[in-house]
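A.B. asks: With the sequence up front, the predicted model follows.
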2 protein chains.
Amino acid sequence: MPEKRYLMTPGPTPVPPEVLAALAEPVVHHRGRDFREIYERCLARLREVYRTEHDVLLYTSSGTGAFESAVANLTSPGDRVLVVSAGSFGERWAAMTRAYGADVVHLRLDWGETPEPDDLRPALAAGGAGVVYLVHSETSTGVVADVQALAAVAKEAGALVVVDAVSSLGAVPLETDAWGIDVVVSGSQKALMCPPGLAFVSVSPAALEAAARSTSPRFVLDWERTRAAQAKLDAPFTPAVSLVRALDVALGLLLDEGLEAAFARHARLGRACREGAKAMGLELFSPDEERSAVVTALRAPDGVDATRVVAELRERFGITLANGQGDLKGKIIRIGHIGWFDVFDITTALAALELSLGDAGAEIERGVAVSRALEAYAERAHV
Amino acid sequence: MPEKRYLMTPGPTPVPPEVLAALAEPVVHHRGRDFREIYERCLARLREVYRTEHDVLLYTSSGTGAFESAVANLTSPGDRVLVVSAGSFGERWAAMTRAYGADVVHLRLDWGETPEPDDLRPALAAGGAGVVYLVHSETSTGVVADVQALAAVAKEAGALVVVDAVSSLGAVPLETDAWGIDVVVSGSQKALMCPPGLAFVSVSPAALEAAARSTSPRFVLDWERTRAAQAKLDAPFTPAVSLVRALDVALGLLLDEGLEAAFARHARLGRACREGAKAMGLELFSPDEERSAVVTALRAPDGVDATRVVAELRERFGITLANGQGDLKGKIIRIGHIGWFDVFDITTALAALELSLGDAGAEIERGVAVSRALEAYAERAHV
């Protein structure tokens, strides 16, 4: 029998068959009417998912390209910026702003901590930070920050707010305009149920004004060049037309479900995963809270190497979970449940984990995780 | 009947069904073994197509991103560079090197001219240009330059040589190592028979050394970051895994045909297209020579607007040809025959053009273009 495969990492995520079928459509020219129709609808759907009235710029790039655009267009050498990090992706903001010569104030929390408004206030009180770089869902730890509250504090201090929402957009609530977030960066390969290769960045009028003043060199990632082209339903450079076609279908599926329904589903999936894991005696690394609905990070039981467990799950069962990154490698196991997931994906991950950890000699409770996960999922349906 | 569609622009180009089918395969994780196998083979095949022993770096980007990497990694503000242009893509080198603050010596030929070694010598004699930026196939005009000869002159002067081979790689002969070209930039959506979204750049050891000295800011496009990751069969950022899988299949098809056979086929297609067009009385804009085998550019007959012809071909027959760019808009019609093309694509383009131009009242010879094209194609088979 051909091996069944289960992709359960925090990205790339599984892609529905309708979206895969769209990928296999013949290639069309990016300036022809065949594409313009798809492109226009796709850009409108992106604005709807972003909950913004402003432009969402579309790049053919990994999500990191959209990150970089938010540095190249907003910071000139010597500009003071504030970076808040508590994991791998927050630290990427720091590395990138430094690469562009910014004067970086780095509020560096330990991996796994949740940044709070009170952490930000003293750093902002020092003054001078024109841009604050935040992470919404820190994929390396499973923490989802309260960016609404963090953004409010940064706006009070007069800074522009940039948010990494690569793994959160479409999975947990994010109100770009209502929360006053100037720039939201995201990508195709997480909750938007598409393959990797497209990245997005929403830009407020204030962000575009600031970009006009930035002296950092950029060409492909220049916001104004892309904004001006998109205003005419054009693209400055040949976009990945097949991926845009797939994204259009995927966004249609997401909006058919409804954003609120998708947020509720992710919250239930996260809760089911946590409850199931706790029932078998595993300790959570990511927070046990409603918002943490994107990635569940579990501590490997004493004496068990997460690296081996992850490798074994792939070899024995075709299941791909994620190891920890950086210092957490070998210490945590991350289960992604972003995008095209239902509760049976959660029970599959837990059942396989139970089997693998049990065989590795870990002291876990057998036979309870799956039913507890199903129960927790059902409970939330009535809340 | 569903409309039949014919994509005959100089890119994106048609994609074979095997490649489309690969796109629709389920998404795999970019750090798992499922992907590593594809990635390793794909990188090896790229080196074979490039005819280089050095690294070919793979980016998720339009071709222009690879262009930009060759500027950001090689030029610091104030560095003198020489740009040779004779069309839209050469001028892009000039715009981009200026955006990075280079001291640009711009050898600007008219659109449609063919740059010759003698054009370069005086510009190089002035001295100081550390990098020379060239275009192999100028897609906007159909001219294919003799980059072997141009590169030799630039190397003599001690400069690094960078070549835009976006529309030429895999279609006309290009010997990266044998011709001493330091950097060759290309993309997935032309002769490599893939959708747009991947871009490549080969880097000689001298180019990597120069990159280590460049002070221009860059993160995603930093060569060393990508080179170091690829050396471990890793990617620094999530690549477009579906496009890489498709590229692997497409490169396999190209190498199964054989590079020399593909070059001969493109030369024959170009000749067939030119002979057919001349037979109906059209005037060539692109040169009537063997090397011009990528795009055939035709002057619109007196009193005929190329913009209208191109629009009409799309509306009436589902055939997409390309208009001129810039000042040539409305004046020339470009037929791309790059990648997955055979002689019947040429006869289709010519037959439709004959019909459309005839109906527009142009004075053309009817009923001869197709048979002359077939004849010219057959003649070359025996050369």
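C.D. replies: That came in fine, so what should we check first?
A.B. asks: Any regions of the stretch 201-350 of chain A where pLDDT drops low?
C.D. replies: Of all residues in the stretch 201-350 of chain A, none has pLDDT under 70.
A.B. asks: Quickly note the distance from the residue in it that chain B sits nearest to to B:R334.
C.D. replies: In the stretch 201-350 of chain A, the residue that lies nearest chain B is A:A240 (3.0 Å; CB to the nearest CB). From N, CA and C alone the C-beta is placed, and that goes for glycine too. In this view, A:A240 and B:R334 are 22 Å apart by CB to CB, to the nearest Å.
A.B. asks: Could you do A:T307 as well?
C.D. replies: A:T307 is 54 Å from B:R334, by CB to CB.
A.B. asks: Quick check on those two: which one has the bigger neighbour count.
C.D. replies: Neighbours per residue (other CB atoms under 10 Å in any protein chain shown) separate A:T307 from B:R334, with B:R334 holding more: 25 against 15.
A.B. asks: Show me what the strand or helix carrying the more buried one is in contact with.
C.D. replies: Per DSSP states H and E: B:R334 is located in strand B:332-336. Strand B:332-336 has contacts (CB atoms under 8 Å, 6 or more residues apart in numbering or on different chains) with B:8-11, B:13, B:142, B:273, B:285, B:294-300, B:306, B:309-310, B:321-324, B:346, B:349, B:353.
A.B. asks: Let's see which of those end up in helices.
C.D. replies: Filtering these for membership in helices, criterion DSSP state H, returns B:C273, B:A306, B:V309, B:V310, B:I346, B:A349, B:L353.
A.B. asks: nearest to chain A, of those?
C.D. replies: B:V310 (9.8 Å).
A.B. asks: The closest one contacts B:N323, doesn't it?
C.D. replies: Yes. At 4.8 Å, B:V310 and B:N323 qualify as touching, with contact defined as CB atoms under 8 Å.
A.B. asks: So for the two, which sits in the more crowded spot?
C.D. replies: B:V310 (24 against 21).
A.B. asks: where does A:Y133 fall, phi/psi-wise?
C.D. replies: Reported as degrees, to the nearest 10, the phi and psi values for A:Y133 are phi -100, psi 120.
A.B. asks: I should have written A:L82 there, sorry.
C.D. replies: Main-chain torsions, A:L82, degrees, to the nearest 10: phi -110, psi 130.
A.B. asks: what about the residue nearest to it when sequence neighbours are not counted, distance to A:L107?
C.D. replies: Distances taken as CB to CB, 6 or more residues apart in numbering or on different chains place A:A129 nearest to A:L82, at 4.0 Å, with adjacent residues excluded. Noted for A:A129: a distance of 10 Å to A:L107, by CB to CB.
A.B. asks: between the two, which one's more packed in?
C.D. replies: Shown here are A:A129 and A:L107; by other CB under 10 Å, A:A129 has more neighbours (24 against 18).
A.B. asks: what kind of secondary structure is the most centrally placed residue in chain A in?
C.D. replies: Per CA atoms, centre = their mean, the C-alpha nearest to the average position across chain A is that of A:S167, at 1.0 Å. When classified by DSSP: H, G, I helix; E, B strand; the rest coil, A:S167 comes out as coil.
A.B. asks: Next, the contact list for A:E363, please.
C.D. replies: A:G281, A:P301.
A.B. asks: host element of it?
C.D. replies: Counting by DSSP H and E, A:E363 is found in no helix or strand.
A.B. asks: Isn't A:R218 up against A:S69?
C.D. replies: Yes. Assessed by CB under 8 Å, A:R218 is found in contact with A:S69 at 7.3 Å.
A.B. asks: Those two: which has the busier surroundings?
C.D. replies: Taking neighbours as other CB under 10 Å, A:R218 and A:S69 compare with A:S69 leading, 27 against 23.
A.B. asks: So which bits of the stretch 101-250 of chain A are right by chain B?
C.D. replies: The stretch 101-250 of chain A comes close to chain B at residues A:101, A:187, A:189, A:195-197, A:216-220, A:236-243, as judged by CB under 8 Å from any CB of the partner chain.
A.B. asks: same thing but at 6 Å, please
C.D. replies: A:P195, A:P196, A:G197, A:P217, A:F219, A:V220, A:F237, A:T238, A:A240, A:S242 (CB under 6 Å from any CB of the partner chain).
A.B. asks: Secondary structure class of the residue nearest to the second one when sequence neighbours are not counted, three-state.
C.D. replies: The one in question is A:P196. When the adjacent residues along the chain are set aside, A:P196 lies closest to A:Q189, with 3.7 Å between them (CB to CB, 6+ apart). Classification of A:Q189 using three-state DSSP returns coil.
A.B. asks: residue boundaries of the strands in the stretch 51-200 of chain A?
C.D. replies: A:55-60, A:80-85, A:103-108, A:131-135, A:137-138, A:143-144, A:160-164, A:183-187, A:198-203 (DSSP state E, counting those that start in this stretch).
A.B. asks: Give me the sheet partners of the fourth one and which way each runs.
C.D. replies: It stands for strand A:131-135. According to DSSP bridges, strand A:131-135 has the following sheet partners: strand A:80-85 (parallel), strand A:160-164 (parallel).
A.B. asks: got the angle between it and strand A:103-108?
C.D. replies: Angle, strand A:131-135 to strand A:103-108, by axes from the mean of the first three to the mean of the last three CA atoms, to 10 degrees: 30 degrees.
A.B. asks: So what's the gap between strand A:131-135 and the chain middle?
C.D. replies: Remark: strand A:131-135 is offset 15 Å from the chain centroid, using CA atoms, centre = their mean, to the nearest Å.
A.B. asks: Then the third one?
C.D. replies: Here the centre of strand A:103-108 is set off from its chain's centre by 22 Å, with CA atoms, centre = their mean.
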